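J.: Pasting the sequence and the predicted model now:
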Amino acid sequence: MVIAAEELEGPGELPGLAALVGADDLDVGSLRLRYAAERDRRLRKDANDQYVEVTAEFSNYREDPDVEAGLTRAPVRDQMEATVIGAGFSGLLAAARLREAGLRDVRLIDSGGDVGGTWYWNRYPGAQCDIDATVYLPLLEELGYVPQDKYAYGPDILEHARRIARHFGLYEHALLQTEVDGLRWDATTRSWWISTNRGDRLQSRFVVIANGALSKPKLPAIEGINEYRGYSFHSSRWDYTYTGGTAQGGLQRLADKRVGVIGTGATALQIVPHLARSAQQLYVFQRTPAVVGVRNNRQTDPAWQASLTPGWQRRRIENFTAILSGADVDEDLVADSWTDIYRNITARVARHAARRLGRDLSPAEYDAVIQLSDMVKGHEVRSRIARTVDDPRTAEALKPWYYLYCKRIGFHDEYLAAFNRPNVELVDTHGRGVQRLTAGGVVVEGREYEVDCLIFATGFEVGTSLGRRTGYDPVGRDGVRLTEAWSAGPRTLHGMHARGFPNLFMMGIVQNATTINFTHLADEQSRHLAYVVTQTRAAGDSACVEATEDGVAGWLAEMRAKASGAARVKDCTPSYSNSEGDPDNPHSLDNIRYGGGPLVFFRMLADWRASGVMPGLVVA
Ligand code: NDP
């Protein structure tokens, strides 16, 4: 839906809204038209199908450059009380809370050669978490650790994951470099059988699926993708033997190489400055310009650290999520570009406008106020580009023309300036993407760019089915597969429990309230599942827990009731949130997330636990 300029500012319609949010200097009508035109240019019928699954002829893009190939070990056959599939922060939190709840035998399984999940795989130069480390890194107070930088670097984050695994004794039973390929409920033994690509036959009373939301790399199905004969890899499988250097940069082996990067998302923002410094020539192939917010990283102040009092981390985490959810809070504890932008593009700005007007806003006014305020922030982002990038044509091409709330925004203080270097060229594809690959390079708008090395910073599968992302399809009671039970879309209680799948817990974003700070959601989920496991164990050694039909129906009804009815999301440019502009995809992030927001969701889970009777679950 596009609200015409005259509707917004026209006589007697929705007057004066722009002035309420400081947008009165902007040419709102032109901006709306530009945003709509740029979105339309990017909409494509193949939506998610524009990407190829990284299997078969593309499976080399998933190989792990960080472990020795050919590891062999004898297959394991044993029994655990709980098994957690995935050893990223979600899996680590689940396993840690289960250990705290008194479970002795807890096993982590992960395809990586160590724990850490996304931070194990994403070791590209410059990898950094763009969320304040004191809210992103879990269990800081429990482990007595305070990060050195406001935004922690990849190696420090990976080390923190290892710290958690060591602290809770999670390496003891861990099976790494191991992929689960089957998960089947056994009603006789009341336990799950897990099979793996290493021939393991594992039995477990409880199973937690913590595979991660953005873990399977994806490649664009560009014509000729199999013809390219140069070196290539996905950003999450960085090959330092080819590039030289480390996560800190210094990619000296690229000094005589022409390098291409496809993609300009949050990952590319961090990679490009390093490639720009090291490569002989760098081409950055852009389809949609990124929003590049101010980073302003700094070291943790020792005086501030000394002033922290018990409960400090939870207070910061909750404060950050509250601001990013549009709540009114007195204090901004993290105070960075995330909170600055989100204070101005969420419901909070509409509430403030209503207060200033002295009346409620109509739904159209509500959406319009958020869009106008978003345009003000977008204008700031574009002004920063104009100030930073020397060449006016490059600067123009780098400007994003879409609502900031549509796509995950990024932050960097060196990305834009990298385009001022003589060896760096932005190749803008005007929203259409790379045209095709040849044996020697990349073709855009009829011109071939020869490259020795091509790096796909093209992201991860989102909005595809669980089975496709994980490589296994749990088989529950009566031999029913999860994909069959969910053929019309996910059916859960709280996103964690499925009917017919006893003692199985799902972490992640499906039918949960997603948070920008993903570890906050994982922390709440891990507390919740540890509570349910504790209650189930208290009911006896062979007790099982699963969702009731009514419980699932109730949660689906609540999901529908809270589904975002905001017309403004229809104005969004394609992204992984809306399954690349396919709003009907039942797996689309917009369709699977709980619209009530994280604050309501977490409070509801806490109240549910406090009730003591676990409504919607049955323990048999
Ligand atoms: P994204 O999915 O965000 O970006 C993929 C990029 O590839 C986009 O720029 C996309 O363009 C581009 N692309 C896809 N197909 C083509 C094509 N055919 N031709 C040209 N370009 C193409 O992946 P990222 O790896 O950057 O980020 C994924 C997520 O990982 C982030 O959203 C974030 O959640 C997380 N992340 C978090 C970080 C942190 O600091 N916490 C750091 C890095 C990543 P288009 O935009 O047009 O689709």
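T.: Everything's here; your move.

J.: Up against the ligand, what does this protein have?
T.: Proximity of the chain to the ligand, by Cβ under 6 Å from any ligand atom, involves residues 128-131, 214, 220, 222, 235, 262-268, 285, 287-288, 408, 429, 433-434, 457-460, 576. (C-beta placed from N, C-alpha, C; glycine too.)

J.: of all of the stretch 51-200 of the chain, which residue lies closest to the ligand?
T.: Of all residues in the stretch 51-200 of the chain, D130 sits closest to the ligand, at 3.4 Å by Cβ to the nearest ligand atom.

J.: Am I right that that residue is in contact with N296?
T.: No. In this structure, D130 is not within contact of N296 by Cβ atoms under 8 Å, at 11.4 Å.

J.: which of those two has more neighbours?
T.: Between D130 and N296, D130 has the larger neighbour count (other Cβ atoms under 10 Å), namely 21 against 11.

J.: give me phi/psi at Q299?
T.: For Q299, the backbone dihedrals are phi -80, psi 150 (criterion: degrees, to the nearest 10).

J.: and it, what does it touch?
T.: Counting by Cβ atoms under 8 Å, 6 or more residues apart in numbering, Q299 touches Q148, D149, K150.

J.: What subset of those is buried?
T.: Buried residues within these, counting neighbours by 16 or more other Cβ atoms under 10 Å: K150.

J.: I'd like to know which of the contacts of Q299 are part of helices.
T.: Among these, no member falls in helices (DSSP state H).

J.: Serialize the contacts of Q299 to CSV and add fields for pLDDT.
T.: Formatted as CSV, these follow (pLDDT from 0 to 100):
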residue, pLDDT
Q148, 96
D149, 97
K150, 98
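
J.: Can you give me the distance of the most centrally placed residue in the chain to Q525?
T.: In the chain, the centroid-proximal residue (Cα atoms, centre = their mean) is L214; its distance is 5.5 Å. Separation of L214 from Q525 (Cβ to Cβ, to the nearest Å): 16 Å.

J.: ditto for A290
T.: Distance, A290 to Q525, using Cβ to Cβ: 29 Å.

J.: now do R229
T.: On the measure of Cβ to Cβ, R229 and Q525 end up 45 Å apart.

J.: re the thing from before, how close does the nearest residue to the residue nearest to the centre of the chain once chain neighbours are set aside get to K216?
T.: Using Cβ to Cβ, 6 or more residues apart in numbering and skipping residues adjacent in sequence, the residue nearest L214 is F460, 4.0 Å away. From F460 over to K216 the distance is 6 Å, taken as Cβ to Cβ.

J.: which of the two has more neighbours?
T.: F460 (24 against 19).

J.: Who are the contact partners of that one?
T.: F460 makes contact with L214, S215, K216, P217, K218, S236, Y576, according to Cβ under 8 Å, 6+ apart.

J.: Identify the bridge partners of it.
T.: Here F460 sits in beta bridges with P217, going by DSSP bridges.

J.: picking up where we left off before, can you tell me which of the residues of the chain next to the ligand are in strands?
T.: P220, I262, F285 (DSSP state E).

J.: Now a PyMOL select for only the buried ones of these.
T.: Burial among those is assessed by 16+ other Cβ under 10 Å; the matching PyMOL selection reads:
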select buried, resi 220+262+285
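
J.: want to throw the ones in strands among the residues of the chain next to the ligand into a markdown table with pLDDT?
T.: A markdown table is the format used below for these (pLDDT from 0 to 100):
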| residue | pLDDT |
| --- | --- |
| P220 | 87 |
| I262 | 97 |
| F285 | 98 |
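
J.: could the ones in strands among the residues of the chain next to the ligand be laid out in CSV, adding distance to D541?
T.: CSV is the format used below for those (distance: Cβ to Cβ, whole Å):
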residue, distance to D541
P220, 51
I262, 54
F285, 58
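
J.: Identify, from the ones in strands among the residues of the chain next to the ligand, the entry nearest to F601.
T.: Nearest to F601 out of these is P220 (Cβ to Cβ; 33.7 Å).

J.: Surely the closest one and G433 touch.
T.: Yes. P220 is within contact range of G433, at 6.5 Å (criterion: Cβ under 8 Å).

J.: where does the stretch 251-400 of the chain have low pLDDT?
T.: In the prediction, the stretch 251-400 of the chain carries no residues with pLDDT under 70.

J.: How much space separates the residue lying closest to T514 once chain neighbours are set aside from D156?
T.: Leaving aside its sequence neighbours, T514 sits nearest to R593 (Cβ to Cβ, 6+ apart; 4.7 Å). Look at R593 and D156: by Cβ to Cβ, they are 30 Å apart.

J.: out of these two, which sits in the more crowded spot?
T.: More crowded of R593 and D156, by other Cβ under 10 Å: R593, with 24 against 17.
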